[in-house]
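Undergrad: With the sequence up front, the predicted model follows.
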Amino acid sequence: MEKIFTRLYTGSDGESHFGEIKITLDVDPRDPGLLRSELMKATNILFVETKVSHPAIGWHNAPRRQFVVLLEGREEIEIGDGTKRQFGPAMFYW
């Protein structure tokens, strides 16, 4: 099974863009009730929780490649050409 997730990246034009990343999930041979991807290499992991809504954050480059997973609430992201997308729980961008 293939899952498609939103990717947010800076293009060679210096502008932010939306793209897609496809991740293949296969049945776990040890537990047929689970689907899993191949391992991805990670150097560090950091968890952040906000208790209240925070004001809009202006345009910026992320300091590193990040997976962002929303557990609750919604977030709207606008890219360089003015396109906006909303993200909710279980949707993530990279």
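TA: In hand now; what should we look at? Quick caveat, the model's predicted, so the values are computed rather than measured.

Undergrad: Look up how far residue 25 lies from residue 6.
TA: From residue 6 across to residue 25, the span is 17 Å (C-beta to C-beta, to the nearest Å). Just so you know, the C-beta spots here come from the backbone N, C-alpha and C atoms, and that holds for glycine as well.

Undergrad: Comparing these two, which shows the higher neighbour count?
TA: Between residue 6 and residue 25, counted using other C-beta atoms under 10 Å, residue 6 has the larger neighbour count: 16 against 13.

Undergrad: Please report phi then psi for the more buried one.
TA: When read as degrees, to the nearest 10, the backbone of residue 6 gives phi -80, psi 140.

Undergrad: give me the beta-bridge partners of it?
TA: Taking DSSP bridges as the rule, residue 6 bridges to residue 20, residue 93.

Undergrad: That one is in contact with residue 85, isn't it?
TA: Yes. Applying C-beta atoms under 8 Å, one finds residue 6 in contact with residue 85, separated by 6.8 Å.

Undergrad: which residues do those two both contact?
TA: Residues touching both residue 6 and residue 85 (C-beta atoms under 8 Å, 6 or more residues apart in numbering) are residue 18.

Undergrad: Next, find the distance separating the residue sitting furthest away from the middle of the chain from residue 36.
TA: Distance from the C-alpha centroid of the chain peaks at residue 30, with 27.8 Å (C-alpha atoms, centre = their mean). Using C-beta to C-beta, we find residue 30 at a distance of 10 Å from residue 36.

Undergrad: what do you get for residue 18?
TA: Counting by C-beta to C-beta, the gap from residue 18 to residue 36 is 26 Å.
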